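# need a 3D model of the following:
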Amino acid sequence: MTELPNFDKLRWLAENDPDKLEALQKTLCKEAIDCCPASSKKQLISMLYHLHQQLSRCSNPYHRCYLASSIMYDKFIALNTIMNNPQEFRQQKAKILVLPAKKTVD
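Numbers count the residues shown, from 1 in each chain. Reported below is the predicted structural model:
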């Protein structure tokens, strides 16, 4: 597994070589997902994709940091809720909506 550089090295990369820092981030994320059980990989890949989509809209590093922190906070709140009320979580059922068929033009 790739070793995470110390804070000073990460700061230097952020200021001087952001492409290398991004490559390191992608490598570390891929390695972390590869170490997870197969049952979790699809969800983690989906979450990572969602995070990248959200971060691509950010205008500066502070915005990216705030957004990533906010997403993490929301996930922790959801996990806390599930851990404290597992029965309520298990009782939730998805409502399936039937959408009208698209009409074709001859």
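
# okay, CA-based contacts and neighbour counts for the rest of this
Noted.

# for A14, see how far away F7 is.
10 Å (C-alpha to C-alpha, to the nearest Å).

# more neighbours, those two?
A14 (15 against 9; other C-alpha atoms under 10 Å).

# contacting residues for that one?
Listed by C-alpha atoms under 8 Å, 6 or more residues apart in numbering, the contact set of A14 reads L21.

# look up phi and psi at A32.
With angles defined as degrees, to the nearest 10, A32 sits at phi -70, psi -40.

# run a quick neighbour tally on it.
Residue neighbour count, defined by other C-alpha under 10 Å, stands at 14 for A32.

# equivalent analysis for the one 4 residues further on, please.
C36 sits with 11 neighbouring residues when counted by other C-alpha under 10 Å.

# for it, helix, strand, or coil?
Following DSSP: H, G, I helix; E, B strand; the rest coil, C36 is assigned to coil.

# how far away is it from Q43?
Applying C-alpha to C-alpha, the value for C36 to Q43 is 11 Å.

# likewise for M72?
Distance of M72 to Q43, computed by C-alpha to C-alpha: 15 Å.

# also L67?
Using C-alpha to C-alpha, one obtains 20 Å as the distance from L67 to Q43.

# ditto for K95
21 Å.

# more neighbours: which of these two?
Per other C-alpha under 10 Å, whichever of K95 and Q43 has more neighbours is Q43, with 12 against 6.

# checking the more buried one next. Helix, strand or coil?
With three-state DSSP as the criterion, Q43 reads helix.

# can you point out the buried residues in the longest helix anywhere in the chain?
Scanning the chain for the longest helix, with DSSP state H as the assignment, gives helix 61-84. Residues of helix 61-84 classed as buried: R64, L67, A68 (neighbour count, 16 or more other C-alpha atoms under 10 Å).
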